[in-house]
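Peer 1: how does the following fold in three dimensions:
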Amino acid sequence: MNLNRASEAIQELRQWLVLYPEDVEALSLLIQAYISTDQHQAALETAEDMLGMWPDYSLSHYFYGVTLMLNRRYKESEEALLRAIEMDPWDADYFSMLGALHNLQKNWEKGLFYADQGLAIDPEHVRSLNTRTEALTKLGRLEELESTIEDTLAADPHNAYTQANVGWSKLERGNVQEARQHFAESLRINPNYEYAQSGIKEAVKAKNPLYRAYLSYLFFMNRHQSSVQWTVIIGVMIGQNLIRQYSERFPILNVVLVLIFLFMYLTWVMMPIGYLILQLDSYGRLALEKRQKWLGIVTGVALLTGALAFGTYYALQSYEPLFILGMYSLLVIIPLSRVIHDSDELPVWFKVVSWAIIGLGTLAVIAGFFYLGLGYLLGTWALIGVVLYGWVYNFVAFRKKG
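Peer 2: Below is the predicted model:
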């Protein structure tokens, strides 16, 4: 375990537990090994065994709560962690984990409360300091946040999680350069740390002002419960319908309508555009995986094709098939990016829908060059499909996040 060879540790621990099945230290190590290798269900099953054998041991309830949290059983997780605290109210780990659980559910005030409880026990408790940093960042309490960041870095400056966590806090507040420095330090400590890798990618993309604005929108949405997020999304839908009804009487509202549609479009395509930004950056390109590089290239080709098609359309004084091609090039990015980026996670039915919309749009482009009416008909269906697809994808994504 100390050599970060968790898979081999699992084999050794399981052999040991065959002989000594009630060895509480071995059970604890096995749970941690399963967690470090993302085997969350196996970790939960081991924690259940440990709890059954050692029900009067606070650590049994603690590990049970941690593994329940990793399996998104948040209410049961809270109950288990509170039971651990009841049995041993002087362990800062228990309070910090309960704070992390509330942060995960975007209950930032409760997360801060339990982080402070952990720090009351141990003022230099690194996990509690990190939990406090995250909660204060989301609550926007900047004065307290600065002092907490200083305390966190002073307590353990060589901790990869601490450096990455501070990096995300800096990035959320728009301090892109400082964020990159902390992510780089985190990766120096642990070159394979995914939390820091994803952070430094976002920091590189944030050099682009448009992406930086999009990132601010994401951070805003992430600070709120899913109910608030859906309120914003539904509010945009209702707003654009109302504006459309009154746009004939007040033509200036057409500008607002265009801005709303542009906002909606950008929220759907900024993820693949982000990979295009990284692809065009000599430093950022090194951080991309093969699939992400491919997505960046596809996005660039689609945007270029759309721009050329629309430019030629207006230059040739409305050659209609080019208009269909331009629309298709800009819209196909939405389903195509999801299929490429999330192919391992999307349900099969969603992949089928994705390719059906892509195929329908392709037929619309081909038909447009031969039978313009049919091209517009198929293109209209494809447009409706893409808009519905965007909303359904958001719904699936929110459900997955729990």
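Peer 1: tell me the helix or strand right after the lowest-mean-pLDDT helix or strand in the chain.
Peer 2: Every helix and strand in the chain was compared by mean pLDDT, DSSP states H and E; the lowest is helix 226-246, with a mean of 62. Using DSSP states H and E, the helix or strand that directly follows helix 226-246 along the chain is helix 253-279.
Peer 1: can you give me the offset of that following helix from its chain's centre?
Peer 2: Offset of helix 253-279 from its chain centre (Cα atoms, centre = their mean, to the nearest Å): 18 Å.
Peer 1: what residues sit buried inside that helix?
Peer 2: By neighbour count with 16 or more other Cβ atoms under 10 Å, helix 253-279 contains the buried residues 253, 260, 264-265, 267-279. C-betas here are computed from N, CA, C, even on glycine.
Peer 1: identify the residues contacting residue 375.
Peer 2: Residue 375 sits next to 320, 321, 324, 364, 365, 366, 367, 368, 369 when contact means Cβ atoms under 8 Å, 6 or more residues apart in numbering.
Peer 1: give the contact list for the spatially closest residue to the third one that is not a sequence neighbour.
Peer 2: Sequence neighbours aside, residue 368 is the residue nearest to residue 324 in space, at 4.0 Å (criterion: Cβ to Cβ, 6 or more residues apart in numbering). With contact set as Cβ under 8 Å, 6+ apart, residue 368 has these partners: 320, 321, 324, 325, 374, 375, 376, 379.
Peer 1: next step: these restricted to helices.
Peer 2: Secondary structure from DSSP state H places 320, 321, 324, 325, 374, 375, 376, 379 of these in helices.
Peer 1: now, of the contacts of residue 375, which are buried?
Peer 2: Burial by neighbour count, 16+ other Cβ under 10 Å: within these this picks out 321, 324, 364, 365, 366, 367, 368.
Peer 1: Throw those residues into JSON lines and include distance to residue 152, pLDDT and secondary structure, thanks.
Peer 2: Putting the buried ones among the contacts of residue 375 into JSON lines (distance: Cβ to Cβ, whole Å; pLDDT from 0 to 100; DSSP: H, G, I helix; E, B strand; the rest coil) gives the following:
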{"residue": "321", "distance to residue 152": "59", "pLDDT": "87", "secondary structure": "helix"}
{"residue": "324", "distance to residue 152": "55", "pLDDT": "87", "secondary structure": "helix"}
{"residue": "364", "distance to residue 152": "54", "pLDDT": "90", "secondary structure": "helix"}
{"residue": "365", "distance to residue 152": "54", "pLDDT": "90", "secondary structure": "helix"}
{"residue": "366", "distance to residue 152": "58", "pLDDT": "91", "secondary structure": "helix"}
{"residue": "367", "distance to residue 152": "60", "pLDDT": "90", "secondary structure": "helix"}
{"residue": "368", "distance to residue 152": "58", "pLDDT": "87", "secondary structure": "helix"}
